[in-house]
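# below: sequence and its predicted model.
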Amino acid sequence: MSQSKSLAIGAFVLFISIIGGGWFLEIAPQLSIVSNVHKDHANVLALNAKNQLLLTKLKADFQNIGPLKSQLDRLSISVPPSANISAFISEVNSMANAHKTTIKSLIVSDAKPYTLSAPPPSDDGIKEPSSPQSNPKITSANFVVIPIQITASGQYTNVLDFINSIQMGQRLFLISALSSTGSMGGNAGGAVSTLSGKAAGKVDASIGGYIYVLLD
């Protein structure tokens, strides 16, 4: 092989070596960086699209925040974070006056932790109702029941209207026991809730029930 051919081959090999070295040392790393940039860009676009959907939902929810706050306020009055007995008594007295009914007694017993199983009757004779299935967030640690015993006197229809009012009042009041005595259309005694027809005369109604407190 002539010297010129050897030099030509050597130059060609050197050229290939330089190109190969440039690919591995310069071009390949740059292409990898560009590929990673494209992947990151695609991930950012996907994340932005997800965040845009979330933002749209939050805007829609915020537009309804007024009604939701109003609903929360009503529920906070119905089942407040504290006993607030004075407000409940004021509401009961207001309803009694509206229906020309006299409150002869209103007894508030000690608060009791909420339980899923029905506890035995309390000392005041009120039979406690079976507890319904509950939201798991409602526990004996944050939800309590307060037994209430009310004795009211008045005309039969007025007393019935009063009983209906306290069940439909702002404060949730669950009636668990109801009885009455007095002159009711010529019949004495019996339960008010089982009477029918037009009844005359005054009755004394004994109303047992519960109000509730949901602690913060």
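The structure has been received and is ready for your questions.
# got the domain ranges for this structure?
3-63, 79-214 (automatic domain parsing).
# the ones you listed: lowest mean pLDDT?
In terms of average pLDDT, domain 3-63 trails the rest of these, at a mean of 65.
# I146 belongs to a strand?
Yes: under DSSP: H, G, I helix; E, B strand; the rest coil, I146 sits within a strand.
# count of residues packed around it?
Neighbour count of I146, defined by other Cβ atoms under 10 Å: 17. The way it works is simple: take the backbone N, C-alpha and C, and place the C-beta from them, glycine included.
# thought it was touching Y210?
Yes: contact criterion Cβ atoms under 8 Å: I146 and Y210 qualify, at 6.4 Å.
# can you name every helix or strand that the helix or strand that contains A205 contacts?
In the assignment (DSSP states H and E), A205 maps to strand 202-214. Other elements packing on strand 202-214 under the criterion 3 or more Cβ pairs under 8 Å, 6 or more residues apart in numbering; DSSP states H and E are strand 143-155, helix 156-167, strand 173-184.
# buried residues, stretch 94-104. List them.
Under the neighbour-count criterion of 16 or more other Cβ atoms under 10 Å, stretch 94-104 has M95, A96, H99, T101, I103 buried.
# now, the residues you listed that are in helices?
Those of the buried residues of stretch 94-104 mapping onto helices are M95, A96, per DSSP state H.
# among the buried residues of stretch 94-104, which pair sits farthest apart?
H99 and I103 (10.9 Å; Cβ to Cβ).
# this protein: strands as residue ranges?
102-108, 112-113, 143-155, 173-184, 187-188, 202-214 (DSSP state E).
# contacting residues around stretch 97-112?
Contacting residues not belonging to stretch 97-112 are listed as 83, 85, 89, 92-93, 95-96, 119, 122-124, 126, 144-155, 158-159, 161-162, 165, 204, 213 [Cβ atoms under 8 Å, 6 or more residues apart in numbering].
# are any of those residues buried, and which?
89, 92, 95-96, 126, 144-150, 152-155, 158-159, 161-162, 165, 213.
# rewinding a little: how about the helices and strands packed on strand 202-214, which one is nearest K39?
Judging the helices and strands packed on strand 202-214 by Cβ to Cβ, what sits closest to K39 is strand 143-155, at 51.0 Å.
# give me the angle between that closest one and strand 202-214.
Calculated by axes from the mean of the first three to the mean of the last three Cα atoms, to 10 degrees, strand 143-155 forms an angle of 160 degrees with strand 202-214.
# starting from strand 143-155, tell me which strands it pairs with and how they run.
The strands that strand 143-155 pairs with in its sheet are strand 102-108 (antiparallel), strand 112-113 (antiparallel), strand 202-214 (antiparallel) (by DSSP bridges).
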